[in-house]
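Enquirer: Give me coordinates for this.
(2 chains)
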Amino acid sequence: MRLAWLSATAQRFAPYLGLAVILVLALQWSTPFDDGWLVAAGLVATFLLTLIIIASAIRITDWDASRAAERGLAARDALTSALEFDDPDDDVHRLIQTRAELLVERSDPSRAIPFRADGSRLRQSGMTAALALLIGLLPPLGSASALSADIEAALDAEAAQIEKLAAAVAAADVETSDEIIAELERLAQELRDAESLEQALQSLDDADTRLDARLDPAFLSQKAAIQGLARDLALRPLADGAPLDAASQFDHLADTLSSLSTPELAALADRLSDLAESQAAGNPELSGHLADASRALEEGDLSEARISLEEAASRQRTGFDQLSGQQALVETSRALDGARTRLSGEGAGTSELAEGGQGEDGQGQPGEGQGQGSGQGQSGEGQAEGAGAGGQPQDGASGEITGVAPGDGSASGDGGQGRIGADVGQDHGTDVETAEVFAPIDEGALADLVQVGIDGGAGEGDIVGRADGVTQRGESIVPYAQVLPEYLNEAADALSELRLPPSMRSIVQAYFDLLAAEAR
Amino acid sequence: MVRLEQANLDDYAAVAHAVESAVGTMIAGQPDLIRQTLVGLLAEGHVLLEGVPGLGKTELVKAFSHAIGVGFSRVQFTPDLMPADIVGTQVLEEDESGHRRFQYQAGPVFTNLLLADEINRATPKTQAALLEAMQERQVTVAGRTRDLPRPFLVLATQNPIELEGTYPLPEAQLDRFMFKVTVHPPTAEVLEEILRRTTTGSVPEVPLAVDIETIASMIALTPQLPVATHLLQYVSRIIEATHPEGDTASPPVKRYVRWGASPRGAQSIVLAAKAAAMIDGRPHVTAEDIRWAVPAALRHRLVLGYEATAEGVRSDAIIDEVLHSVPEPRPEIRGVP
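Expert: Numbering: from 1, shown residues only, chains lettered A, B, ... in the order given. Down below sits the predicted model:
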């Protein structure tokens, strides 16, 4: 009877419980409240527990039991009458008792208290349960809708790309490999687990921020200094027959100092002093060692010079290692930027079909623009300018950096394809402040990126280089003395033809006068 | 006190069914009417039959008298019918010696089954005379009280469609009838059976189904059947629900009923239920017995108001509503069947 009561009462209140659960889950759906399922489960458990407690404590009289049983057995008041009229000395009572006993003997006790299903209540309960489940499974209100198949596939593809990148970093075995690999693996997992595009983009941003935090702020100047030194020494070795790389040259020089003549030592001291000066900004430690070596040579202290040269060699090697690690961070960060761009295009293409884009393929607008860089070689032997026009679409599928364009070795050179040239070209005169362009590359390798600033709002052409560029070995390395006359003529023409503002004429005139004096 | 045994109950149930079967040889297609009349007989409650002429009301009384072997009288009530025409009167007689004295001449009421045909056509005075006999089961003439024979059952008829020149029974007198039974016209199939039985020149003979002693025993035993408390409460709640001023009255009762059923109505229900249990061979009353008895016991006891008359609402509809609104006693634990 208690179970029958439990069943009937549960059926009776189940729809209300379902409504309560719906309210809780709706609260979870529409607000930041995250424990909806937990509270719903608590409600259900409390409901059942309360019913069980009440069912076990409920008072059931004999009459209640008799009445319920005779209704279940269709006994037509026989049991309650027998319960009431139980005088053994009364013939009528005895007759009623006998009839009740016979009836009970012939009945199936299991039918006495039947469990009854209230179809209406059960239907209501089922509907509320289904509705609660539906609301519970909905993504939170205000978040992105559930991932579409396209976005999910794009996230998986990016995660796979990132894992490939991690493998490549592992193969490179640079100084920062472990940190980068851990970061990339974590990011790949987060992309696969992302419940929305926004969440995936946020993961990318977070990973990029963490990688950027590991990047040495002086990375570019270090890179320019170290690579410039290496290139300079490769073109103009410190000694005849010396190896090509800078560190080996320092070691070689340290070993052969004693064999050099005094004029050679003096020339070497000057050369080392120049090199020290060139490294002062980007690699001060190496600069110090070179300056020490130069000073020791001037003072005739060969042993001290040898020690300084060996330290310089060591520092150059260390610098290369550090540079590789930092470069790996930069490349990784760049790859993440590419992934973010592709995913952003995926989202826009999928959800909004941005104007000019192809929504289905997630392609962005083809980039188009120009980049200019100016740089000065390590030893002042050459200058280079590069201009690049890029038409590479920011393809959601590949996103590879394909800008491969060696400088032409002259004072001006064609840059590679601008990876985000569209930004440069379109953002002239807008609020864009920086952009990445390709600088002339070293030994025909992939173009390196350098950061240049764009003075936004000033119109086209206001690009000011902020980092030293690198020149290419070969014809681009030209002593400025050879081109100075031509430059002087051009400057004179400019001054005479009033192509320069008056306020700038004196500066230009002073500059070329200084160069001419030094050339002499 | 008659000792009650299961064998008695079984025998009585068989007798009751035999009586119903015997009456049924004459009255075709009216099992409810026969059962209600038999219940009235066993519960010693009089029955008011309402129906248009020609439905076999007289034949019903005749059939019952033959089936149970008791006397039968029929009185056609008319406006000029006097009380003495029913209860009897003193007549002056002169014997052989020349002495004159009043001699009581018994009226038709001195019988077991009395058919008061078209009772509403007699004057209230005459109606009152009969109703007194019905209630007291005795008559007093010239200062002398005389008991009526037992069993004594009055079956009165009313024609519901011909009311001109009639004297409708007042509520207080209607209350003395245990049942008011509505006699419905026969269906086509029943009518066919009636034609087959009554148009061949021979009248079906109603067999004697029981002796008068057995009927008397059954009448005596009927009140002894016990009724459980919860069923008495059920009856009380039903009666209470017919009172428009009561808390448990349903909206239709409040709207259409002017006066609810009297305690005599409750008594009639319980007695009728006991008789029904007796006919069924049970030693106790059930809720079904009560629900079965309620319509016939209450339909003439509800005084309907003007709205009911205007809207054509009949007592039976109100009673159905009352039975629907008063639940059968069940365990106090909600959810348990």
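Enquirer: Quick check: pLDDT value at A:Ala405.
Expert: We have a pLDDT of 35 for A:Ala405.
Enquirer: what about the stretch 101-250 of chain B, any weak spots by pLDDT?
Expert: Applying pLDDT under 70 to the stretch 101-250 of chain B picks out residues B:162-163.
Enquirer: for the closest residue to chain A within it, phi and psi?
Expert: For the stretch 101-250 of chain B and chain A, the shortest gap (Cβ to the nearest Cβ) falls at B:Ala228, measuring 4.7 Å. C-beta: built from backbone N, CA, C; applies to glycine. When read as degrees, to the nearest 10, the backbone of B:Ala228 gives phi -60, psi 150.
Enquirer: do A:Ala492 as well
Expert: According to degrees, to the nearest 10, A:Ala492 has phi -60, psi -40.
Enquirer: neighbours around it, how many?
Expert: Number of residues near A:Ala492 (other Cβ atoms under 10 Å in any protein chain shown) recorded here: 13.
Enquirer: how much space between it and chain B?
Expert: Separation of A:Ala492 from chain B (Cβ to the nearest Cβ, to the nearest Å): 110 Å.
Enquirer: and the closest residue in space to B:Leu208 that isn't next to it in sequence, how many neighbours?
Expert: Among residues not flanking B:Leu208 along the chain, B:Gly69 sits closest, at 5.1 Å (Cβ to Cβ, 6 or more residues apart in numbering or on different chains). With neighbours defined by other Cβ under 10 Å, the count for B:Gly69 comes to 15.
Enquirer: Surely B:Gly69 is in contact with B:Glu213?
Expert: No - using Cβ atoms under 8 Å as the test, B:Gly69 is too far from B:Glu213 to be in contact (9.9 Å).
Enquirer: Parallel or antiparallel, list what pairs with the helix or strand B:Val154 falls within.
Expert: For B:Val154, the host element (DSSP states H and E) is strand B:153-158. Sheet pairing for strand B:153-158, assigned by DSSP bridges, gives strand B:46-50 (parallel), strand B:113-117 (parallel).
Enquirer: Now tabulate these in CSV and tack on mean neighbour count and distance to A:Arg271.
Expert: Formatted as CSV, the strands paired with strand B:153-158 follow (neighbours: other Cβ atoms under 10 Å in any protein chain shown; distance: least, Cβ to Cβ, whole Å):
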stretch, mean neighbour count, distance to A:Arg271
strand B:46-50, 24, 141
strand B:113-117, 26, 152
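Enquirer: The ones you listed: which one's closest to B:Asp289?
Expert: The closest of the strands paired with strand B:153-158 to B:Asp289 is strand B:46-50. By Cβ to Cβ, the value is 17.3 Å.
Enquirer: among the helices and strands of chain A, which has the poorest mean pLDDT?
Expert: Ranked by mean pLDDT, DSSP states H and E, the weakest helix or strand in chain A is helix A:421-427, scoring a mean of 35.
Enquirer: Now for B:Val206: which residues touch it?
Expert: Listed by Cβ atoms under 8 Å, 6 or more residues apart in numbering or on different chains, the contact set of B:Val206 reads B:Ala22, B:Val23, B:Thr25, B:Met26, B:Lys62, B:Ala63, B:His66, B:Ala67.
Enquirer: Now the buried members of the residues you listed.
Expert: For the contacts of B:Val206, a burial check counting by 16 or more other Cβ atoms under 10 Å in any protein chain shown picks out B:Ala22, B:Val23, B:Met26, B:Lys62, B:Ala63, B:His66, B:Ala67.
Enquirer: Pick out whichever of the residues you listed sits closest to chain A.
Expert: Comparing these against chain A with Cβ to the nearest Cβ places B:Val23 closest, at 26.2 Å.
Enquirer: SS state for that closest one?
Expert: Here B:Val23 is recorded as helix under DSSP: H, G, I helix; E, B strand; the rest coil.
Enquirer: Equivalent analysis for the one 10 residues further on, please.
Expert: Classification of B:Leu33 by three-state DSSP places it in helix.
Enquirer: Give the burial count for it, as a bare number.
Expert: 23.
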